[in-house]
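*Asks:* fold the following and give me the result.
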Amino acid sequence: MRISQLVFILIVLLTTDIFAQKNEDDFPITAVEQMPLFNHGGPESFVLWVYQNLKYPATAISNVASGKVYVKFKVDSSGIVKDIEIIKSARGDFDSEVLRVFGSSPKWTPGKQGGKNVGIYFTIPIEFDIKDQSFTKKIKFYSKYSKRSNSKKIRIR
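*Replies:* Numbers count the residues shown, from 1 in each chain. All right, here's what the predicted structure looks like:
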């Protein structure tokens with residue numbers, strides 16, 4: 001009787017451990033041993049690419065509108081940008097433009113944790129400033145950081 005109870009408990013513990021293992025989608029990952037790389041740089045290189053590809057919406061120009069859009073996205077374990085979500089909206093046309101550009105992102109080098117590719121989430125602000133329609137200030141700002149190691153932290157304004 002005791003042996004069968006012991007075997008039953010052992011089986012329950014082993015199967016519980018197997019089913020308790022979580023995959024990367026169960027919890028958003030925001031930091032790993034090796035962060036994802038965009039064009040051999042970090043998130044700063046991606047933000048530079050975003051500003052180089054954004055087009056100021058014509059409706060926002062005619063309304064003399066500015067604003068900041070906060071966007072969350074995931075670089076998955078194969079390096080594809082997905083799960084793009086507007087966290088804080090400024091205007092619908094700004095949101096649409098951010099979604100368009102992020103959706104056309106080239107592939108990244110995925111992040112790694114324990115020698116295994118993993119997905120990781122980022123949240124960044126994208127600023128639309130009517131006084132700087134060509135985004136030249138942003139491009140200059142992020143150009144300084146795009147060549148640096150992605151291990152250095154910068155404050156994104």
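*Asks:* tell me where this protein has strands.
*Replies:* 67-75, 81-88, 111-113, 116-118, 120-128 (DSSP state E).
*Asks:* show me what the last one is packed against.
*Replies:* With contacts defined as 3 or more C-beta pairs under 8 Å, 6 or more residues apart in numbering; DSSP states H and E, strand 120-128 has these neighbours: helix 43-53, strand 67-75, helix 92-103. C-beta: built from backbone N, CA, C; applies to glycine.
*Asks:* what sits up against it?
*Replies:* Outside strand 120-128, the residues that touch it by C-beta atoms under 8 Å, 6 or more residues apart in numbering are 28-32, 35-36, 43, 47, 50-51, 54, 56-57, 60, 65-75, 83, 87, 90, 94, 98, 110-111, 138, 156-157.
*Asks:* switch the cut-off to 6 Å
*Replies:* 28-30, 32, 36, 43, 66-70, 72-75, 94, 98, 111 (C-beta atoms under 6 Å, 6 or more residues apart in numbering).
*Asks:* any of those buried? List them.
*Replies:* When those are checked for burial by 16 or more other C-beta atoms under 10 Å, the buried set is 32, 36, 43, 66-67, 69, 72-75, 94, 98, 111.
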